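K.L.:
sequence unknown, structure follows:
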């Protein structure tokens with residue numbers, strides 16, 4: 001597991017021995033450890049890929065972020081997303097606002113109202129699928145369907161996919177589930 005992999009890193013450094021973690025995705029494994037390498041895709045790299053897609057492929061210029069409180073993985077994805085967006089656009093003020101929601105949130109009307117006023121071209125929503133679905137239901141109810149909504153690979157969830165398929169009014173993008181290889 002990730003914990004054992006992190007623990008082993010100290011021994012690799014101590015014995016000047018390189019190691020390859022073949023299943024770990026935690027970026028802390030290779031941080032400050034030149035003896036460790038990972039062979040997997042780090043979840044946090046989604047932020048960079050999504051930023052490149054939004055800023056380079058479809059040329060959005062203004063952004064907002066809606067983050068989920070207490071979600072460490074999303075925090076790193078957001079950090080990488082905002083850093084890359086600012087670099088790609090050359091504008092430190094391209095992120096117009098960042099809003100936080102609690103995991104137990106059921107009423108997003110205040111945030112949706114603020115997002116509508118903000119008029120950002122792209123909203124990054126690295127939310128878990130249940131929260132994302134609740135957000136989209138309320139966004140539709142409040143007539144907020146205009147921007148491009150970006151999500152993470154967690155949106156590869158059947159319930160969320162079923163909802164978004166029945167509501168094609170949203171412009172959304174997120175990384176597809178990884179293909180299995182044999």
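P.N.:
That came in fine, so what should we check first? As the structure is a computational prediction, the values presented were derived from the model and not from experiment.
K.L.:
Secondary structure element holding residue 60?
P.N.:
Assignment of secondary structure by DSSP states H and E places residue 60 within no helix or strand.
K.L.:
Quick one: residues contacting it.
P.N.:
Counting by C-beta atoms under 8 Å, 6 or more residues apart in numbering, residue 60 makes contact with 54, 121, 122, 148. Placement of C-beta: from N, CA and C, glycine included.
K.L.:
tell me the helices in this protein, going along the chain?
P.N.:
Counting by DSSP state H, the chain has helices at residues 2-14, 46-52, 72-89, 109-118, 129-141, 158-166.
K.L.:
Need the winner for burial among the ones you listed.
P.N.:
Highest mean neighbour count among the helices of the chain (mean count of other C-beta atoms under 10 Å): helix 46-52, with a mean of 21.
K.L.:
on contacts alone, who are the packing partners of that one?
P.N.:
Here helix 46-52 touches helix 72-89, going by 3 or more C-beta pairs under 8 Å, 6 or more residues apart in numbering; DSSP states H and E.
K.L.:
re the thing from before, please name whichever of the helices of the chain is nearest to residue 103.
P.N.:
The closest of the helices of the chain to residue 103 is helix 129-141. By C-beta to C-beta, the value is 7.0 Å.
K.L.:
thinking residue 50 is in contact with residue 149, fair?
P.N.:
No. With contact defined as C-beta atoms under 8 Å, residue 50 does not reach residue 149; the gap is 10.9 Å.
K.L.:
any residues in contact with both of the two?
P.N.:
residue 173.
K.L.:
For the worst-scoring helix or strand of the chain on mean pLDDT, buried residues please.
P.N.:
Least confident helix or strand, the chain: strand 36-38 with a mean of 78, by mean pLDDT, DSSP states H and E. In terms of neighbour count (16 or more other C-beta atoms under 10 Å), strand 36-38 has its buried residues at 36, 38.
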